[in-house]
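return a 3D structure for these sequence lines:
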Amino acid sequence: MRYTKDADQAQDVLQEGFIKVFNNLERYKGAGSFEGWIRRIMVNLSIDYFRKSRHDFVLLTQDHQMESFEEELEDEEDRPIEHNFGASQIIEAMQKLTPAYRMVFNMYVFENYQHKEIAEILRISVGTSKSNLAKAKRNLRKILIRDFTKPDEQNVNTI
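All right, here's what the predicted structure looks like:
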């Protein structure tokens, strides 16, 4: 669900993933956990699914500097949100991100890829990966505040 915009897309990727797992069971040699092997297949399929719909990808123009994004987000990221969000709320908010932001966010935050690796896998620049992560964080924060906090919590000075 973290990689897709809705349950239908998630089910499509999951079904395709299980078919791939079943068809390639003989390739699993017992090195590492079976769960990890399946996870890698699912993540790779999610990345492939994203590549197929690449027209949604948000690219930086050449004259846009990464520093401007970092400065823009610096103050905002340091302030805590005084609200505990549930996992389902976070996933729902993530599904509202653009596919490009969601993909980079997932790869960086959950799969522990570095920006250089993300750039190579998605065939984008390192700057684009950094920019998309910064924008994903900012937009995710806005969505969480807008959709999952009470109006009086939205105006709290620490947000």
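
any idea which element residue 142 lies in?
According to DSSP states H and E, residue 142 maps onto helix 126-148.

how far does that helix sit from its chain's centre?
Offset of helix 126-148 from its chain centre (C-alpha atoms, centre = their mean, to the nearest Å): 9 Å.

helices or strands next to that helix in the packing?
helix 66-78, helix 87-94, helix 99-105, helix 115-122, helix 151-154 (3 or more C-beta pairs under 8 Å, 6 or more residues apart in numbering; DSSP states H and E). Just so you know, the C-beta spots here come from the backbone N, C-alpha and C atoms, and that holds for glycine as well.

which positions within that helix qualify as buried?
Neighbour-count burial for helix 126-148, counted by 16 or more other C-beta atoms under 10 Å, picks out 127-141, 143-145, 148.

likewise for stretch 112-123?
Going by 16+ other C-beta under 10 Å, stretch 112-123 has these buried residues: 113, 115, 118-119, 121-122.

repeat for stretch 30-46
Going by 16+ other C-beta under 10 Å, stretch 30-46 has these buried residues: 37, 41-43, 45-46.

would a markdown table of the residues you listed with secondary structure and pLDDT be doable?
Formatted as a markdown table, those follow (DSSP: H, G, I helix; E, B strand; the rest coil; pLDDT from 0 to 100):
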| residue | secondary structure | pLDDT |
| --- | --- | --- |
| 37 | helix | 92 |
| 41 | helix | 91 |
| 42 | helix | 92 |
| 43 | helix | 89 |
| 45 | helix | 90 |
| 46 | helix | 87 |
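
so, low pLDDT: which residues of the protein?
Scanning the chain for pLDDT under 70 picks out 53-82, 152-159.

can you list the domain ranges for it.
1-52, 58-159 (automatic domain parsing).
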